[in-house]
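**Q** any chance you can model this:
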Amino acid sequence: MGTESHGLLDTDGQEKVVPIEIEDEVPPVKAPSTARWVALLSVPMLWGSYSPSMKLLLSFKHAPPAIVTNLASHLVGSVLLCCIWFVQRPPPHCFGTGDARKRAMRASLELGVYLFFGQLTQLLGLEGTSATVNAILVQASVVIVPLFDTADAPSRKASKLAITLARLLPSLLALAGVIVLTSAPSADEASSSSSRDDGEWRGVAFSLASAVFYALHTIRLSEYADVDATTQAAGQVVVNTALDVLALPVVFAFTGGAGWLAKASYVARQRLALAAAWNGLFVVGATTWAMSFAQQAFPASTAALAYAMEPLFAALFAAGLLHESIHPLQLLGGGLVVLANIVVASGSVHVLRCLGRCV
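**A** Numbering: from 1, shown residues only. This next block holds a predicted model:
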């Protein structure tokens, strides 16, 4: 704030000096670069291939345990990102110094934990759902983000009821879509009279749990925008790999997965290697880096909206790879989730304006 003095006449006709406050000029907000836009939009395209490719791997007999699949993908992604990291920031500069190093390590640990549980629960969810339904359920994270993210909180000048409705409307729409989507039969079930078993409901539960972890990851990723994108991405995936290794003996003890490694055929190992190569390079590696790079310029709510396009690409990949079709009721449920994304896209201010006329 600055001040300016202006001469005014008082009641006696004499001039007096009255200071007037003038607001400092606000610098214009720099628009995100084209490279960051490309990185942001590449995330749903690349991530959309994850569910179909993993579903294809799981559809074969004697499919590998989820933890083994994740470990193989994360190993490939770690090698890729660490190579890029060392080229961009050769040792010893790659680790930074002082507070910057501590913040990078904290970002890697926290974001890596969210990503680990997000990917693990999504893969477990795929065992009971189709690739398309899994992708739609996971993208419920889009409407979870505004509930936790207060960076773009609505104006306090609006009524409390309008603020509450603006916050809850996208989530309520998405919840309705999830209920319709999960209760509707698939296209294959519609032709038969089969009903959902416990495995399918577990798949739905794991997919929704994955949405929560991805929402937390998206929100916290924007909070660490000051950390170098490659450092952040490499650190996340290395933490993921370490958690996979730590979890491996525990999972094997409960599921007997160690037997798969001993009995897996050459063809099964080859499929695992191909899936790990694709997901390690393009999903774990490229997508994690693109998210870190893009969210240095975009808020969490904008990033979540872009990521909401992932089910569209997942459906296209699933139709091509798995020949999946979708029931009309599933289309309706998916449409409600998309509508929730559009409400989020319109922003809290626009929603409040519409609700303010009705409330």
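
**Q** which stretches of the stretch 1-150 of the chain have low pLDDT?
**A** Within the stretch 1-150 of the chain, the stretches with pLDDT under 70 are 1-30, 90-96, 142-143, 145-150.

**Q** again, only this time at 50
**A** Along the stretch 1-150 of the chain, the parts satisfying pLDDT under 50 run over 8, 18, 22-24, 26-27, 29.

**Q** same thing with the stretch 251-359 of the chain?
**A** Along the stretch 251-359 of the chain, the parts satisfying pLDDT under 50 run over 348-349, 351-352, 355-356, 359.

**Q** ok, which stretches of it are strands?
**A** Applying DSSP state E, counting those that start in this stretch to the stretch 251-359 of the chain gives no strands.

**Q** same check, this time on the stretch 1-150 of the chain
**A** So, for the stretch 1-150 of the chain - with DSSP E, counting those that start in this stretch - the strands run 2-9, 15-22.

**Q** and residue 252, how many neighbours does it have?
**A** Look at residue 252: counted by other Cβ atoms under 10 Å, it has 17 neighbours. Backbone N, C-alpha and C define where each C-beta goes, glycine included.

**Q** distance of it relative to residue 245?
**A** Separation of residue 252 from residue 245 (Cβ to Cβ, to the nearest Å): 12 Å.

**Q** and residue 33, by the same measure?
**A** Residue 33 is 37 Å from residue 245, by Cβ to Cβ.

**Q** so which of those two has more stuff around it?
**A** The neighbour count for residue 33 versus residue 245, taken as other Cβ under 10 Å, is higher for residue 245 (13 against 10).

**Q** now the more buried one, nearest residue through space, not along the chain?
**A** Sequence neighbours aside, residue 71 is the residue nearest to residue 245 in space, at 6.8 Å (criterion: Cβ to Cβ, 6 or more residues apart in numbering).

**Q** same check on residue 64?
**A** Per Cβ to Cβ, 6+ apart, closest to residue 64 is residue 272, 5.2 Å.

**Q** dump the residue contacts of that neighbour.
**A** The contact partners of residue 272, by Cβ atoms under 8 Å, 6 or more residues apart in numbering, come to 57, 64, 68-69, 72, 264.

**Q** turn those into CSV, including neighbour count.
**A** Formatted as CSV, those follow (neighbours: other Cβ atoms under 10 Å):
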residue, neighbour count
57, 21
64, 23
68, 21
69, 22
72, 21
264, 17
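
**Q** all helices of the stretch 251-359 of the chain, in order?
**A** Assigned by DSSP state H, counting those that start in this stretch, the helices in the stretch 251-359 of the chain fall at 258-263, 266-278, 288-294, 300-307, 310-321, 328-358.

**Q** out of those helices, nearest to residue 140?
**A** helix 328-358 (6.8 Å; Cβ to Cβ).

**Q** isn't there a strand covering residue 226?
**A** No: assessed with DSSP: H, G, I helix; E, B strand; the rest coil, residue 226 is coil; it does not lie in a strand.

**Q** which pLDDT value belongs to it?
**A** With respect to pLDDT, residue 226 scores 86.

**Q** roughly how far apart are the closest residue to it other than its chain neighbours and residue 331?
**A** Nearest residue to residue 226 in three dimensions, chain neighbours excluded: residue 103, at 7.3 Å (Cβ to Cβ, 6+ apart). Using Cβ to Cβ, residue 103 is found at 45 Å from residue 331.

**Q** tell me which of the two has more neighbours.
**A** With neighbours defined as other Cβ under 10 Å, residue 103 and residue 331 compare such that residue 103 has more, 16 against 13.

**Q** how far away is that one from residue 119?
**A** Distance of residue 103 to residue 119, given as Cβ to Cβ: 24 Å.

**Q** before we move on, what about residue 272?
**A** Going from residue 272 to residue 119 by Cβ to Cβ gives 16 Å.

**Q** need the winner for burial among the helices of the stretch 251-359 of the chain.
**A** helix 288-294 (a mean of 25; mean count of other Cβ atoms under 10 Å).
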